[in-house]
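[1] starting from these lines, generate the structure:
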Amino acid sequence: MSSQTAETNPLDFVPEEVPFDTPYGPPISLDRAQAVILAATAEAKKRNWKMNIAVVDSGGHLVAFQRMDDAMLASIQIAEHKARASATFRRETKIFEDAVQVMHLNYILAFEGIIASRGGIPLLEKEAIIGAIGVSGGTDSQDEIVAKAGATVIN
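    You can find the predicted model right below:
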């Protein structure tokens, strides 16, 4: 490899701090997870979107789930996957989507647990991750809107 190639590779950049270094906090309670789902479901109903909504704790374990009437069955697992990936990787899943779709960093798909689709958002309390919401059933942009509506209950 020539030195010129190494100098132009953006992956050679060395940041001062580790990115997404948000600490894990205590797990979200069932009551709060259900409040997140209630807010997300209200947003989806307002728009007449049929969604699956999952909330996991800070360890990525399912705490609460809601499948709206007639929501796509395949999206049940996708919603939980988005929530788990968001909690365990400490970032919104849109970042993975951007990495693949915009930056063409397809190698990230080789990492176990990654999902390159927006709609997974960490739930933060006192700057620590207490859980994450994952939404699936619509387009990625629809999923993201509903996930953000749910996340506002905590974030």
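[2] from here on, just use CA atoms for contacts and neighbour counts.
    Noted.
[3] could you point out which element follows the least confident helix or strand in the chain by mean pLDDT?
    Counting by mean pLDDT, DSSP states H and E, the chain has its least confident helix or strand at helix 3-8, which shows a mean of 57. Beyond helix 3-8 on the C-terminal side, the first helix or strand identified by DSSP states H and E is helix 30-46.
[4] low-scoring stretches of the chain, by residue?
    Scanning the chain for pLDDT under 70 picks out the ranges 1-7.
[5] distance of the residue most central in space within it relative to residue 13?
    With distances taken as C-alpha atoms, centre = their mean, the residue of the chain nearest its centroid is residue 120 (1.8 Å). Distance of residue 120 to residue 13, given as C-alpha to C-alpha, to the nearest Å: 27 Å.
[6] rewinding a little: partners of the residue nearest to the centre of the chain in the sheet?
    With DSSP bridges as the criterion, the beta-bridge partners of residue 120 are residue 134.
[7] ok, now which ones touch it?
    Contact partners of residue 120, counting by C-alpha atoms under 8 Å, 6 or more residues apart in numbering, are 79, 82-83, 85-86, 92-94, 132-135, 144, 147.
[8] quick check: closest non-adjacent residue to residue 153.
    With C-alpha to C-alpha, 6 or more residues apart in numbering as the criterion, residue 153 has its nearest non-adjacent residue at 5.7 Å, and that residue is residue 36.
[9] ok, now residue 149?
    If the residues on either side of it in the chain are set aside, residue 149 comes closest to residue 40, at 5.2 Å by C-alpha to C-alpha, 6+ apart.
[10] do the same with residue 54
    residue 65 (4.4 Å).
[11] what count of nearby residues applies to residue 104?
    Using other C-alpha atoms under 10 Å, the number of residues around residue 104 comes to 11.
[12] could you do residue 8 as well?
    Other residues lying near residue 8 total 10 when counted by other C-alpha under 10 Å.
[13] that one and residue 84, how far apart?
    With the distance defined as C-alpha to C-alpha, residue 8 ends up 34 Å from residue 84.
[14] what do you get for residue 154?
    Here the criterion is C-alpha to C-alpha. By it, residue 154 lies 17 Å from residue 84.
[15] who has more neighbours, those two?
    For residue 154 versus residue 84, the count of surrounding residues by other C-alpha under 10 Å is larger for residue 84: 32 against 17.
[16] can you tell me the element that one falls in?
    Secondary structure assigned from DSSP H and E places residue 84 in helix 75-89.
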